[in-house]
Every structure is written in structure tokens, then in C-alpha cells.
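# let's see this in three dimensions:
(one chain, ligands or ions: 1)
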Amino acid sequence: MSNKAAEIVQDARKAFNSGKSKTYEFRLNQLKGLQKFIEVNEKKIADILEIENTKPIFESYLGEIIYMKNDIQNAIDNLKRWMEPVKPSKNLMFIMDQIELIPEPYGVVLIIGAWNYPFALTLSPLVGAIAAGNCAVIKPSEITPMSAKFLEDELPKFIDSSCYFIYNGGVPETTALLENRFDYIFYTGNSAVGRIIYLAAAKHLTPVTLELGGKSPVYLDDSADVEIAANRILWGKCVNAGQSCLEPDYLLCTEYMRDKFVRAAKNTIQKWYNNEPKENKDYCKIINANHFARLSKLLAGQKIVMGGYTDSTKRIIEPTILVDVKPDDAIMKEEIFGPILPIITVESAEEAIEFINKREKPLAVYVFSKSKVEQDKFIKGTSSGGICINDVMVHYSCDALPFGGVGNSGIGRYHGEYSFRTFSHEKATLIRTLNKFGEYIQTIRYPPYSEKKLNMINVITKKLPPIPGAEFFKPLFFIFLGVILTLLSFGCRK
Ligand code: NAD
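All right, here's what the predicted structure looks like:
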């Protein structure tokens, strides 16, 4: 088994060393191949997600297919620009030099996906890996074997199978893969396994992105429109039956808002599912018996004010709201990852912030408030991967924003151009000429050392405060200083 893993990594490395994955044309063609894979197979993908994850077709398009199509198109449209070197501004010391950050591929990257969005969480990182010129080994989740098998069978028909490999299996296979040296590891999944991946990466000093989860809190301010807030928060709990890394995990609000929220939430469920989510084709099931048992256990002994119906044979848990939850109850100690919303009452935004800050840094913080002052308290007073005001989860699909966690919710980020940057090493590049004129300037750093030379170095390396309009006059300014510098350097040579 481990031989197969090693062979695949070797093959991927051989392909990378051939240089074929690095050219603009190759990257573009592969992205177009990936695009074709989605276009040709979108109906099949939605069918697989419906069977395996019990996702409504609508949610498969919303959460995976449409998202991936846009992600790939964005990469195709911007690839040329992303590949260009970034030219940072330089100080006087480097006036004669060309300085650039050249994005280069890491090499062979490992992408480990999770079951809750089995296509998007494997293929969206792959978009970044391909765009950045890497070769890749992709390990889909074994919890969704149909999706994993489909990727293994069909993807090689659309993208270069000597550069991109699907390697299927569970923990032993992933462990075998991790014994090999990769140049980058991109993992999506829970924080406990995230630590295992990080340790394996450390063995080879391999850089990582860890896309993890956690408990993303919602604060509902007294000023919020409670009907709108209930719609949006419940949507986050009902999409994929709450099995999303960004799901709103628990709600913090005053007692006054709690009662209003529960009333509004019941209306929402009535409107959406005619009060019968368990029978509704637009409501998905829990992925497997283990997760069903875990979630059912979290309900034990809790005060249920909405929902609460569970069916182990169908693996259904209704959207459920709990009140009078204690901060040290089991449900407040682990990521819920299901359609259960505990409410904890607080007296103020400050108390809510203190509650959030006492816990691990979440993937997202959500705030519902009409008050800019209250919103700002959370933006400035809490730390999380992202923050979304007056909605939940939607910041994920905005590719102008990076997506990723902080602390226990993850390391690194991706989406849009950030995916390209994640899978690229930005090589610091300085190109200096060998001409005599340039050498005159450099003599100030050579022995014999003198105070005069040191003073000169102090002047030319000194960081100046930004000058308004400086960009406009920059070329003139540099020519002028270049002349002064040259004259002074003549002086220093004596
Ligand atoms: P999972 O069970 O599918 O596991 C994820 C991957 O880890 C799989 O490919 C699996 O083979 C591998 N794995 C499992 N155990 C391993 C081990 N011991 N050694 C090496 N590899 C191992 O998914 P999951 O972890 O149940 O996913 C749910 C979690 O992922 C939640 O915490 C959720 O918040 C998080 N998540 C995060 C994001 C994000 O983008 N931040 C997205 C989706 C899910």
C-alpha cells in the first residue's frame, strides 16, 4: 500500500521536474480541462451528491457546482496577470536594481479533502495548485466513496494524468501518503486530524494550509430585525443540515431577543418546510450513523424549544433550537456540525465578546445589528478567520476575500487570487548589473570602513515617512537622488 503512495508521489515529482506543469499554456489548458469536467458532469455530480450526501440538487449547485465554475473561470481570466512578477517599491540602496517577487510553483502538492463538500473541497484547492504550476496528489474523503471514485475515474479524462493524481483510501492510505515528502500540503477537515497533518508536514518542513472548523458564534443585537436574522441564521443551520465548516454554531443574545428569535425561527420553518422538515426534499440528512449518534447525544438533557425530532433509520435531525444551555454543556465544548442551535443569553455585546474570546478562535464570527457601534465592537474586539455582519456564511463565496481560519480554526487561506498565492512561493529576486557606474555606488560598503561611509549608508537606507503625491514625482526624485548618490559615493571612495 505504502509502495503505491510512494510510486504516485515519485511519478508526480518526475512530471514536475520535467517542467511541463509550469508553462502558461499548460496551466491554462488544465484549467480549461477542469472546467470541462464540471460542465460535462454537473448533472452526475449533483446526482452523486443527492445519493451520497442527500443534498438537494439546489444546494449542490449553490454550494459546489456554481461556486467551482466561477472559481475556475476567474483563474482562467486572471492567470496571466497572477503569473506576472510583483514589483515592490524600493529604497535608494537598490535604485539601480531590478527587484521582483516571482511566483514559482512549490512542486508536488498534496490536497486532502473532506466529505461535506466532496467536490468543491478537493477541486477548488486544485484550481489554485494548477494555476500556480504545481503537480498534485488529491486525496478525497473516504466518508463519501462515490464522489471519491467518480473523481478517480473521470477526472483523468479531462486533465493531465501524469501531473494530477487521485489517490483514494482512508486513514492508512492517507498515513502512507504523508510518509512521503511533499512540497505543500493543503488539508481540509477537523482540527484534531489537522494536528496529525501538521506533525507529518513538520518532518519535511513542508508548508501547509489547514482549513479547519470550530464553533462560529452569532451575536444577535437588540437592534436587529429579528425576522431577517432568523431567516439567515436558520439558512446557515439548514443548508447541508448544518454540516458546513462555517455554520453558525451557537447564538448569543439577550433574553428579550431570545424569545423573539425563537418565535421568528418557528415562522421561518413553517414557511420553508410547512413545519415538516423531516419529510421535505429540500432538507438534507446527517452523513452517517456515527455523526447522527454524536449529534443525538448532544441533545440529551437539553431544553428544546423548536424541532428536536430525530430518526436514526433515516438519519434525520430536525432544525432544533435549545435554550438555557450552560457554557460547560457538551454541546458547547465541540463543533456541532449539525442542525442544532443552542442559545446562550448574555446581557450585552461586551459580555458576548468576552464569551467568544474565552474560547478558541473560530472560523467566523457573525453579528446581527443595525448599530455601526455594536458591529465595530465585534470587528475590533474578536479574532476569527472572517467576520460577516448581518448574514452568515456568504463571505465564503466572495472571491475577492480570502477564506481561512486563525488559531484553532486553521492556518493559511485561499479562494480566487489567494489560492494562486497560497500554492506559489514568491521568490524574492534582485538583479544587479555588473557595470562600473553601479560599482561606484557600492563602494561605500567595502573596506576600508569609515564613519563617513557609515553616515552615508544611514542616509540612503533611512525610511522616510510617505510623502503625498510622491508616486507622481518618483521618477524625477530617483534620478535626482541617483546623481547625488553617485557624487557622494565618489567622495566616499577617497
Ligand atoms: P473527513 O472525515 O472527511 O476527514 C478529512 C480528511 O482527513 C479525509 O480525507 C480523511 O481521509 C483524512 N483523515 C482522517 N483521519 C485521518 C488521520 N488519522 N490521518 C490522516 N488523515 C486523516 O472530514 P471531517 O474531518 O469530519 O470534516 C469535518 C471537519 O472539517 C469539521 O471540523 C469542519 O469544520 C471542517 N471543515 C473545514 C472546512 C474549511 O474549509 N475550513 C471545510 C469543510 C470542513
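# which non-adjacent residue is nearest whichever residue of the chain sits closest to the ligand?
Ranking the residues of the chain by distance to the ligand (CB to the nearest ligand atom) places Gly213 first, at 1.9 Å. Every residue, glycine included, has its C-beta placed from N, CA and C. Closest residue to Gly213 apart from its sequence neighbours, by CB to CB, 6 or more residues apart in numbering: Cys245 at 4.4 Å.
# try Leu151
Per CB to CB, 6+ apart, closest to Leu151 is Ile166, 5.0 Å.
# what do you get for Ile460?
Leu92 (4.3 Å).
# what about that neighbour, how many residues nearby?
18 (other CB atoms under 10 Å).
# now do the one 3 residues further on
Look at Ile95: counted by other CB under 10 Å, it has 15 neighbours.
# contact partners for the residue nearest to Gly213?
116, 188, 211-213, 363 (CB atoms under 8 Å, 6 or more residues apart in numbering).
# what helix or strand is the nearest residue in space to Ile8 that is not next to it in sequence located in?
Closest residue in space to Ile8, ignoring its immediate chain neighbours: Phe165 at 5.0 Å, by CB to CB, 6+ apart. Assessed by DSSP states H and E, Phe165 sits inside strand 164-166.
# and that strand, which strands flank it?
strand 135-139 (parallel) (DSSP bridges).
# still on that earlier bit, hmm, the strand holding Phe165 in reach of the ligand?
No: judged by CB under 6 Å from any ligand atom, strand 164-166 makes no contact with the ligand; its nearest approach is 11.8 Å.
# would you turn the contacts of Cys245 into TSV with neighbour count and secondary structure?
Listed next are the contacts of Cys245 as TSV, based on neighbours: other CB atoms under 10 Å; DSSP: H, G, I helix; E, B strand; the rest coil:
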residue	neighbour count	secondary structure
Asn116	26	coil
Thr188	27	strand
Glu211	26	strand
Leu212	28	coil
Gly213	28	coil
Leu363	28	coil
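# what's the next secondary structure element after the helix ranked longest in the chain?
Determined from DSSP state H, the single longest helix within the chain is helix 24-52. On the C-terminal side of helix 24-52, the closest following helix or strand by DSSP H and E is helix 57-60.
# just the buried positions in the helix or strand just after that following helix, please.
Per DSSP H and E, the first helix or strand lying C-terminal to helix 57-60 is helix 66-83. Across helix 66-83, burial judged by 16 or more other CB atoms under 10 Å covers 67-68, 71-72, 74-76, 79, 82-83.
# can you list the buried residues in stretch 48-59?
Quick answer for stretch 48-59 (16+ other CB under 10 Å): 48-50, 52-56, 59.
# likewise for stretch 260-274?
Buried, per 16+ other CB under 10 Å, within stretch 260-274: 260-262, 264-266, 268-269, 272-273.
# is the ligand contacted by the host helix or strand of His291?
Here His291, judged by DSSP H and E, is contained in helix 289-299. No: Helix 289-299 does not reach the ligand (CB under 6 Å from any ligand atom); its nearest approach is 8.0 Å.
# these two touch, right, Lys87 and Ile102?
No: the pair Lys87 / Ile102 is not scored as a contact, 10.3 Å apart, by CB atoms under 8 Å.
# ok, these two, which is more surrounded?
Ile102 (14 against 10).
# three-state assignment of that one?
strand (DSSP: H, G, I helix; E, B strand; the rest coil).
# next one: it from Asn168, what distance?
Counting by CB to CB, to the nearest Å, the separation of Ile102 from Asn168 is 35 Å.
# same deal with Lys370?
49 Å.
# tell me which of the two has more neighbours.
Asn168 (15 against 12).
# which residues touch the more buried one?
So Asn168 contacts 139-140, 142, 145, 148-149, 152 (CB under 8 Å, 6+ apart).
# so it belongs to a strand, correct?
No: according to three-state DSSP, Asn168 belongs to no strand; its state is coil.
# quick thing: my sequence starts at 46, can you match it?
Yes, from this point I'll number from 46; that puts the last item at Asn213.
# just want the phi and psi numbers for it.
Per-residue torsions, Asn213: phi -100, psi 150 (degrees, to the nearest 10).
# give me the phi and psi angles of Ile204.
phi -130, psi 160.
# before we move on, back to that, could you list every helix and strand in contact with the longest helix of the chain?
helix 102-105, helix 111-128, helix 165-176, helix 190-199 (3 or more CB pairs under 8 Å, 6 or more residues apart in numbering; DSSP states H and E).
# next one: the second one to chain centre, how far?
This points to helix 111-128. Centroid displacement of helix 111-128 relative to its chain, using CA atoms, centre = their mean, to the nearest Å, is 16 Å.
# my guess is the residue of the chain closest to the ligand contacts Thr233, does it?
No: with contact defined as CB under 8 Å, Gly258 does not reach Thr233; the gap is 9.3 Å.
# for the buried residues of stretch 305-319, which one is nearest Asp205?
Closest approach between the buried residues of stretch 305-319 and Asp205, by CB to CB: Trp317, at 44.1 Å.
# so where's this structure shaky on pLDDT?
46-47, 512, 514-520, 522-523, 526-527, 529-539 (pLDDT under 70).
# and it, which residues reach the ligand?
157-161, 166, 184, 186-188, 215-216, 219-220, 233-235, 238, 241, 256-258, 290, 380, 382, 408, 450, 455.
# one more time with 5 Å
157, 159-160, 186, 188, 216, 219, 233-235, 238, 241, 256, 258, 290 (CB under 5 Å from any ligand atom).
# farthest pair in those?
Longest span within the residues of the chain next to the ligand, CB to CB: Val216 and Cys290, 20.3 Å.
# just to revisit the earlier point, secondary structure added to the buried residues of stretch 305-319, as JSON lines?
Output for the buried residues of stretch 305-319, formatted as JSON lines (three-state DSSP):
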{"residue": "Lys305", "secondary structure": "helix"}
{"residue": "Phe306", "secondary structure": "helix"}
{"residue": "Val307", "secondary structure": "helix"}
{"residue": "Ala309", "secondary structure": "helix"}
{"residue": "Ala310", "secondary structure": "helix"}
{"residue": "Lys311", "secondary structure": "helix"}
{"residue": "Thr313", "secondary structure": "helix"}
{"residue": "Ile314", "secondary structure": "helix"}
{"residue": "Trp317", "secondary structure": "helix"}
{"residue": "Tyr318", "secondary structure": "helix"}
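# residue contacts, Glu187?
Neighbours of Glu187 in contact, by CB under 8 Å, 6+ apart: 193, 213-216, 218.
# hmm, 10 Å instead?
By CB atoms under 10 Å, 6 or more residues apart in numbering, the contact list for Glu187 reads 160, 193, 213-216, 218-219.
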